[in-house]
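Participant: Return atomic coordinates for the entry below.
(one chain, ligands or ions: 3)
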Amino acid sequence: MLLEIQVRAAQALELTADVLVVGIFQTGGKGALPPSLKQIDEALGGALAKLMAREEFSGKRDQTIALSTLGRIGAEKLMVVGLGDRRSLGAPEVRTFAAKAARGANVDKAASLAIALPGGLETELRAVGEGLELGAYRFTKYLTGDRKPKRSLATVTLGLASRPKPNARSLVSIGQQVGSAVNFSRDLSNEPPNVIYPETFATAAEALAKANGLRVQVFDFKEIRRRGMKLIDAVGRGSSREPRFIHMSWTPKGAKRKLVFVGKGITFDTGGISIKPAAGMGEMKHDMSGAANVVALMAAVAAVKPKVEVHAIASCAENMPDGDAYRPGDIWGSLDGKTVEIVNTDAEGRLVLADALAYARSLDPDLIVDNATLTGACMVALGSTTAGWYASHDDAAREFAAALKQSGESMWRMPLLEELRDQIKSEVADVKQAGDRYGGSITAALFLREFAGTGRWIHCDIAGPASVDRPTGWSQTKGATGHAVLTFLALIERSSR
Ligand code: BES
Ligand code: MN
Ligand code: ZN
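Facilitator: Ligands and ions are numbered 1, 2, ... in the order given. Just a heads-up that it's a prediction; the model follows:
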């Protein structure tokens, strides 16, 4: 359920809630109390000014002061949060601020939150709506009894410095729908693998499509085989849970461009016959995060209604060892027609993506963007909070970089090094599935390129963030990001201008 959010002009002191958060820009000189806090400080008998002086509060971004008000103002608890320098504050920073407020409220077991926003942020209300939903997110559905949170944040009052503009409500509401789309992706990813497998993933995508008036097609295993998606067959055949291929679309009249988003949907990755070690294997329930992202993206698209044709393709399978599983040494065909020599059944993601990319190409798009929890090597390169991305063409790269700047998500461009191409040459098939350990994220990208064709294509290796941005992940440490969904949405909205 979405938060109930009210927007009105109000001084900080007028706001009532369990928790009151006051955002403060950085001031040059320390100690001077901003006007919005003066009245509160008086009501608290000067305790706030004293605390701020002792903690040397200057409004630096993320600097926080928290105190109990003992009921002397309309909120039990007060948090003063630094917004940093006014000029360097954009939508991503506002989103993070709002997310922290919402998360803090939940940590304090508050049901209601009030936020006093300083003047000048009226234009960032969408980012506030996004951040509140992202920050309030928790995955608690399997907790019972004492473990179940007794209260969660339900209502938020936004106090603006001036009377809200007519579009204020709709900005907040679109932001909420975008934030909750990202939360939908987190939910799918956090669900255990006995609950979410290809068939139930497809059912969830169909329900989302129906709720948002989007077109959706689901290919079952028979149809996948009939169409010649042999690489999805290879990966999925080792599991009793059959693979599914999902195609969702938003096709508005008068669309100027066509974008196709593709996601890896391995609902559980054991590694197959090249089985993974036991430690941490449970994390591989998140191996469908790329697919969850593109499905969730469509909910955000339905909210934003861009004049761009958008397609989402989720390639879902479970990678299990079995008597009928594919093996190292196998040679498989593909939807594209190329043959692939299998060397490691744990490099399954690139295989289900290869068929999905060949299918995406057949839609004749202006740009293909895929995202996948593809390689541990990418996490070795960039750490677990930053994704890697690759671009086939520099003009597509410029577009994607601009979208990244707008979303504020952490992704770093990686090179498609031609000299590593030798690693995926095969003696017995057209291409070898994987290279050696060094440059593993790059050779995976080079493999995908074989199937993405010569058109404009972006590939995102989200292995790191996908395993961190989960129940207590980024919304806690970095404030809020939708690891890729927000960037994809920015890309779509930019191309509808
Ligand atoms: N799903 C994994 C990649 C991964 C690892 C994601 C850790 C998130 C956290 C992928 O299918 C995989 O197993 N990749 C192999 C490729 C190798 C066998 C060429 C890897 O990275 O080790
Ligand atoms: Mn794997
Ligand atoms: Zn995998």
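Participant: which residue sits closest to the closest residue to ligand 3 within the stretch 301-450 of the chain in space, ignoring its chain neighbours?
Facilitator: The nearest approach of the stretch 301-450 of the chain to ligand 3 comes at G349, 4.4 Å away (C-beta to the ion). C-beta coordinates here come from the backbone N, C-alpha and C atoms, glycine included. Spatially, and ignoring its direct neighbours in sequence, G349 is nearest to K264 (4.5 Å; C-beta to C-beta, 6 or more residues apart in numbering).
Participant: what sits against V260?
Facilitator: Residues near V260 by C-beta atoms under 8 Å, 6 or more residues apart in numbering: 310-313, 360, 363, 365, 367-369.
Participant: same thing but at 7 Å, please
Facilitator: When contacts are counted by C-beta atoms under 7 Å, 6 or more residues apart in numbering, V260 is found next to 311, 313, 360, 363, 365, 368.
Participant: Would you mind checking the residues you listed for buried ones?
Facilitator: 311, 313, 360, 365, 368 (16 or more other C-beta atoms under 10 Å).
Participant: Let me know the closest of the residues you listed to ligand 2.
Facilitator: For those, the nearest to ligand 2 is I313 (19.6 Å; C-beta to the ion).
Participant: that older thread, doesn't G265 make contact with the residue of the stretch 301-450 of the chain closest to ligand 3?
Facilitator: No: counting by C-beta atoms under 7 Å, G349 stays clear of G265, with 9.2 Å between them.
Participant: So for those two, which sits in the more crowded spot?
Facilitator: G265 (37 against 27; other C-beta atoms under 10 Å).
Participant: Tell me if the more buried one really is in a helix.
Facilitator: No: using DSSP: H, G, I helix; E, B strand; the rest coil, the secondary structure at G265 is strand, not a helix.
Participant: how close does it get to ligand 3?
Facilitator: 10 Å (C-beta to the ion, to the nearest Å).
Participant: Repeat that for E242.
Facilitator: Distance from E242 to ligand 3, by C-beta to the ion: 18 Å.
Participant: Next: S495.
Facilitator: In terms of C-beta to the ion, S495 sits 30 Å off from ligand 3.
Participant: Identify the residues contacting the residue nearest to that residue when sequence neighbours are not counted.
Facilitator: Excluding the flanking residues, the one nearest S495 by C-beta to C-beta, 6+ apart is R257, at 5.0 Å. By C-beta under 7 Å, 6+ apart, the contact set of R257 is 308-309, 366, 495.
Participant: what's the closest of those residues to W250?
Facilitator: If you rank those by distance to W250 using C-beta to C-beta, E309 comes first, at 6.8 Å.
Participant: so the closest one touches K258, yeah?
Facilitator: Yes: E309 is in contact with K258 according to C-beta under 7 Å; the separation is 4.2 Å.
Participant: Now do the contacts for the residue of the stretch 301-450 of the chain found nearest ligand 1.
Facilitator: Closest contact between the stretch 301-450 of the chain and ligand 1, by C-beta to the nearest ligand atom, is at G376 (3.4 Å). G376 is in contact with A463, counting by C-beta under 7 Å, 6+ apart.
Participant: One more pass at 10 Å, please.
Facilitator: Contact partners of G376, counting by C-beta atoms under 10 Å, 6 or more residues apart in numbering, are 346, 437, 440-441, 463-464.
Participant: ok, it to L417 distance?
Facilitator: 18 Å (C-beta to C-beta, to the nearest Å).
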